[in-house]
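**Student:** Sequence plus predicted model, see below.
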Amino acid sequence: MVANNSGGEKSLSYGKTDRYVQNLEVILSDGNSCVLEPLALAGLEEKKRLETFEGKVYRETHDLIKANYDLIQRAKPDVSKNSAGYALWNVEHDGMFDLTKIFVGSQGTLGLITKIKLGLIKPKKYSKLLVIFLNDLKPLGDLVNEVMKFKPESFESYDDKTLRLALKFFPRLKGYFWKFLPEFWMLLTGGIPKLVLLAEITDDNESEVDRILKDLEQAVHSRFKVRTHITSSQAEAQKYWAVRRESFNLLRNHVGNEHTAPFIDDVIVHVDQLPEFLPRLNDLISQYKGLMYTIAGHAGDANFHIIPLMDFRKEENRRAIPELSEKVYDLVISLKGSITAEHNDGLIRTPYLEKMYGREVVELFKKTKEIFDPLNIFNPGKKVMVPKEQAYIKEHILQS
């Protein structure tokens, strides 16, 4: 989670992993251990005076950020979550200099993490859902903004393809048959929604949860005239959570010779752009005939996971991966989004960092990598990629 700077359902309320990292014990590329933590000016200057590799890292990173401060700040993605690149824009914050901010989310490319000190949050005692069935995506942006006024702890979604898949496989696998009867009826009558949204309200007072849910449902009904349902128990809520959380496994385990290929699975845009973004995304993917896919994700911050199913025995499917990636990321970047909100770059998204940030910023990522890992021994090919690594990736996609 720290290496990826992971997010999830609760990120909407609590933010991502980097917010809770208080310090890291790491092994740098000289083989020595050091502790990274927020430093005031005096502490930073003390580190810079060290006649060690650690001191060199602090000196050169501080110089890099200072010399390129405006460029770095302009590069910061204007979205609620981002795991693409190195978060150089977060190193200086609240009067502190904090190298944990680039180590978190670095995917093991800067050194080895051996100890982590994390802050924790106490969960609320009570949780219930307002389930919203949306047949038309046009009001989605306004609907999300309306729901967000009620401060849901999480706000999730999954599309009609995910629901159809769940109705096909999930009831008999998990014993949920009777609980899914209303959804079966929707399917039979032709009224299956394009998107199911789950707004979770939590509090330490159950009466307060019920009050907020009733007010929320009334607000949604009065503005959008959509079908809704308030869950009455954790057991009932679990039915909807199961579809959202298990959609990837359903695809992976139950569709013949096709395999999940989550190469475009973690894009994020702005909430107001959802009515434009989702139809355009569907149009792009639908150009590839026979490519089955589902869309699920975090509606509250417009972060979606697109999971295509592909038969890798077919050359046209293998070749579609870089081609479709290019098209989807062009769309996301045109909307000033990020190509990865939570899952990070890895081998499959690193080649598109220059498309997202531009060459100047990617050069700063390369210099950051060189400062920490001059021999390129830590997880090469992720975050920063040389041409031979890029060729390796393309070759192995085509041969998989």
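**Tutor:** Great, that's in hand.
**Student:** quick check: mean pLDDT across whichever strand or helix holds Trp241?
**Tutor:** Per DSSP states H and E: Trp241 is located in helix 234-254. Mean per-residue pLDDT for helix 234-254: 74.
**Student:** following that helix, which helix or strand shows up next?
**Tutor:** Once helix 234-254 ends, the next helix or strand along the chain (criterion: DSSP H and E) is strand 259-260.
**Student:** Can you spell out which helices and strands pack onto that following strand?
**Tutor:** For strand 259-260, the packing partners by 3 or more CB pairs under 8 Å, 6 or more residues apart in numbering; DSSP states H and E come out as helix 234-254, strand 303-310. Every C-beta, even on glycine, is put in place using the N, C-alpha and C of the backbone.
**Student:** For Phe97, find the nearest of those.
**Tutor:** Closest to Phe97 of the helices and strands packed on strand 259-260, according to CB to CB: strand 303-310, at 29.3 Å.
**Student:** Which neighbours in the sheet does that closest one have, and how are they oriented?
**Tutor:** strand 259-260 (antiparallel), strand 267-268 (antiparallel), strand 292-298 (antiparallel) (DSSP bridges).
**Student:** and Arg280, what element?
**Tutor:** Going by DSSP H and E, Arg280 is in helix 274-286.
**Student:** now that helix, how far from the chain's geometric center?
**Tutor:** Helix 274-286 sits 18 Å away from the centroid of its parent chain (CA atoms, centre = their mean, to the nearest Å).
**Student:** Then stretch 32-48?
**Tutor:** How far stretch 32-48 lies from its chain's middle: 30 Å, per CA atoms, centre = their mean.
**Student:** mind listing what's buried in that stretch?
**Tutor:** 34, 36-39, 44, 47-48 (16 or more other CB atoms under 10 Å).
**Student:** contacts for that stretch?
**Tutor:** Applying CB atoms under 8 Å, 6 or more residues apart in numbering, the contact partners of stretch 32-48 are 22-28, 52-55, 58-59, 62, 93-100, 103, 114.
**Student:** Mind checking which of those are in strands?
**Tutor:** Of the contacts of stretch 32-48, the ones assigned to strands by DSSP state E are 22-27, 93, 96-97, 114.
**Student:** How many neighbouring residues does Gly31 have?
**Tutor:** By the measure other CB atoms under 10 Å, the count of residues near Gly31 is 8.
**Student:** Ok, Asp94 next?
**Tutor:** 7.
**Student:** got the angle for the helix holding Arg280 vs strand 292-298?
**Tutor:** 150 degrees (axes from the mean of the first three to the mean of the last three CA atoms, to 10 degrees).
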